[in-house]
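Student: sequence and predicted structure are below.
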Amino acid sequence: MVKSFCLLLLLCILPCRVAISAELPNIVVIFIDDMGYADIGPFGAKSYPTPNLDRMAREGRRFTDFHVSSAVCSASRAALLTGCYHERVGISGALGPNANIGLSHSEMTLAEVCKQKNYATTCIGKWHLGHHPKFLPTNHGFDSYYGLPYSNDMWPNHPEELARRSANPEAKSGYPPLPLIENTTIIDADVTGEDQTQLTTNYTERAVDFIRKNREQPFLVYLPHSMVHVPLYVSAKFAGKSGAGLFGDVVMEVDWSVGQILDTLKEVGVDEKTLVIFTSDNGPWLSYGDHAGSAGLHREGKGTAWEGGIRVPTLMRWPSKIPAGTTCDELACTVDIVPTVASILGAELPKHKIDGHDILPLMTSQAGAVSPHETMPCYYANDELQAIRDPIWKLVLPHQYRTLASRSGGTGGIPAKYETRKAGLELYNMKDDRSETKNVAQDNPEVVARLQKAAEAWRTELGDKLADRKGNSIRPHAVSKE
């Protein structure tokens, strides 16, 4: 009798689980390192082909006003994975091998949102939110991890490091060997240049294998590529193929990686129920010249709060939901990904405050959908509030910034030197002047006043080093004693 009842109960429950699983979409987030707005075909690149990203644009939606929280590595990744501006979660700048901090376990990551619905989750690529074992992806909701713990230039072979030691042969390296990690174990303690030529391929093969193994259940693939961050490396199958130098070759291999993901989703029969998001952590590292990308018509690049640093190329594809061949010009941000995924899955968000919004109406081109952001703060790595965006305007606050001042960048992987300039209180219309060339502050005093008031509110919450202010809503990062 008991066995019969249990069998009947199982038969009743099983179809419900299958039905729920069938409704839950798979999530794939492809996060490129230092890719500029104009580095791929859908956003203007013409010097080399990107057929798979072109396909994503044809079959999905382009976002032309999509931003990151900060134009630097760790801060940008913290925002993407938590739905919070990086200042709120206490992660600024780019964490190096000597850092003893990482993302707090009190923060809910994208993976932990998906885990509420029993997703299989993996992180494959560059993590950069703390390299100590307690900070690694498998301790933040991911079932598995494979990749580099921080940027691929944080090693003894950094070009500037080599030049310094060449001038003084007795000088010691400022960086330890670069490790490759699986889960929390170092599997290669000294990654070489030859190893780096295989990173994009290895990451891709791991992602493809994960998709095939988990095709019968909902899954999350977070694929933060190490490229196109310098030093650039590419496999033999793409070396010299672009006709546009090493940078073009590397972008072509990233595009190939996207194609492998899309083809595998179709091959295993989950293409229609998979949301694929492609974006970048910040704009191009312009000082590297022919080894850097392009921000297109946008001003400056990585490491600045100008649009070239914080506006990134973004594509989203979900055949059953996102209309093909469409464009969204509304303001959105990487902090919106966590709450949007939570909304799609019917998952709970954390009890503490986050900054992102559900942008599913923008993704699906819902009639009348507009940006949910009243204002968006633009902080840089040193905790300076440097600008405020709203859906139409951008108020640049007085600050110093780095620039090449119209000079060319370096060649062959050796960077040119930046110079420092000062920005004043400047207002730009982002609908008419995306290049930030015409300061219209004097003509729009009411807009300036409104955005200055918004800046003051953000300073109260998140602080501002320029104003010598500490925010009252900043949560602490975690600290390792190792």
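Tutor: On my side now, so go ahead. Here the structure is a predicted model, which means the values were calculated and not measured. Residues are numbered from 1 along each chain as shown.
Student: pLDDT value on residue 17, please?
Tutor: Looking at residue 17, its pLDDT reads 33.
Student: same thing with residue 344?
Tutor: The model reports residue 344 with a pLDDT of 98.
Student: ok, it - contacts?
Tutor: 25, 275, 360 (C-beta atoms under 8 Å, 6 or more residues apart in numbering). Just so you know, the C-beta spots here come from the backbone N, C-alpha and C atoms, and that holds for glycine as well.
Student: most neighbours among those, which one?
Tutor: residue 275 (23 neighbours; other C-beta atoms under 10 Å).
Student: please name the bridge partners of it.
Tutor: Beta-bridge partners for residue 275, by DSSP bridges, are residue 27.
Student: in stretch 269-278, what counts as buried?
Tutor: 270-271, 273-278 (16 or more other C-beta atoms under 10 Å).
Student: and the residues you listed, which is closest to residue 413?
Tutor: Residue 413 lies nearest to residue 278 out of the buried residues of stretch 269-278, by C-beta to C-beta, at 25.6 Å.
Student: pretty sure the closest one is touching residue 54, no?
Tutor: No. The criterion here is C-beta atoms under 8 Å, and residue 278 misses it with residue 54 at 11.7 Å.
Student: between those two, which contacts overlap?
Tutor: By C-beta under 8 Å, 6+ apart, no residue touches both residue 278 and residue 54.
Student: can you list the domains in the protein?
Tutor: The record's domain parsing of the chain by automatic domain parsing lists 24-363, 376-479.
Student: the stretch 101-250 of the chain: strands as residue ranges?
Tutor: Taking DSSP state E, counting those that start in this stretch to define them, one finds strands in the stretch 101-250 of the chain at 101-102, 120-124, 144-147, 180-182, 185-188, 219-224.
Student: pLDDT weak spots in the chain?
Tutor: The chain contains residues with pLDDT under 70 at 1-22.
Student: give me the residue at the spatial middle of it.
Tutor: In the chain, the centroid-proximal residue (C-alpha atoms, centre = their mean) is residue 281; its distance is 3.4 Å.
Student: including distance to residue 369, could the domains of the chain go into TSV?
Tutor: Formatted as TSV, those follow (distance: least, C-beta to C-beta, whole Å):
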stretch	distance to residue 369
domain 24-363	4
domain 376-479	12
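Student: and the helices in the stretch 101-250 of the chain?
Tutor: 110-115, 159-167, 193-196, 199-213, 245-267 (DSSP state H, counting those that start in this stretch).
Student: which elements pack onto the fourth one?
Tutor: Packing contacts for helix 199-213, counted by 3 or more C-beta pairs under 8 Å, 6 or more residues apart in numbering; DSSP states H and E, involve strand 120-124, strand 144-147, strand 219-224, helix 245-267.
Student: and of those, who's closest to residue 448?
Tutor: Of all these, strand 219-224 comes closest under C-beta to C-beta, at 37.3 Å.
Student: tell me the gap between the closest one and the middle of its chain.
Tutor: 12 Å (C-alpha atoms, centre = their mean, to the nearest Å).
Student: and stretch 147-155, by the same measure?
Tutor: 16 Å.
Student: neighbours around residue 330, how many?
Tutor: Neighbours around residue 330, by other C-beta under 10 Å: 17.
Student: hang on, the earlier thing: any idea how many residues pack against the nearest residue to the residue nearest to the centre of the chain once chain neighbours are set aside?
Tutor: Counting by C-beta to C-beta, 6 or more residues apart in numbering, residue 281 lies nearest to residue 76, which is 4.1 Å off, once chain neighbours are set aside. Residue 76: 29 surrounding residues under other C-beta under 10 Å.
Student: just checking, what packs against the helix or strand hosting residue 76?
Tutor: Counting by DSSP states H and E, the element that carries residue 76 is helix 73-82. The contact analysis (3+ C-beta pairs under 8 Å, 6+ apart) places helix 73-82 against strand 26-32, helix 110-115, helix 337-345.
Student: swap the cut-off to 10 Å and go again
Tutor: strand 26-32, strand 101-102, helix 110-115, strand 219-224, strand 274-280, helix 337-345 (3 or more C-beta pairs under 10 Å, 6 or more residues apart in numbering; DSSP states H and E).
Student: for burial, what's the neighbour tally of the closest residue to residue 223 other than its chain neighbours?
Tutor: For residue 223, ignoring the flanking residues on the chain, the nearest one in space by C-beta to C-beta, 6+ apart is residue 30 at 4.8 Å. Residue 30 has 25 neighbours, counted by other C-beta under 10 Å.
Student: now swap in residue 454 and tell me
Tutor: Residues near residue 454, counting by other C-beta under 10 Å: 18.
Student: surely it and residue 375 touch.
Tutor: Yes. Assessed by C-beta atoms under 10 Å, residue 454 is found in contact with residue 375 at 4.2 Å.
Student: what do these two both touch?
Tutor: Residues touching both residue 454 and residue 375 (C-beta atoms under 10 Å, 6 or more residues apart in numbering): 388-390, 395.
Student: which of these lies closest to residue 229?
Tutor: Nearest member of those to residue 229, counting by C-beta to C-beta, is residue 389, at 25.3 Å.
Student: may I have the helix or strand harbouring residue 362 exported as PDB, CA atoms only?
Tutor: Using DSSP H and E, residue 362 falls within helix 360-363. What follows is helix 360-363, C-alpha atoms only, in PDB (Å, rounded to 0.1, in the frame of the first residue of the first chain):
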ATOM      1  CA  LEU A 360      12.800  42.000 -20.100                       C
ATOM      2  CA  PRO A 361      10.400  44.500 -21.700                       C
ATOM      3  CA  LEU A 362      13.400  46.100 -23.500                       C
ATOM      4  CA  MET A 363      14.700  42.700 -24.500                       C
END
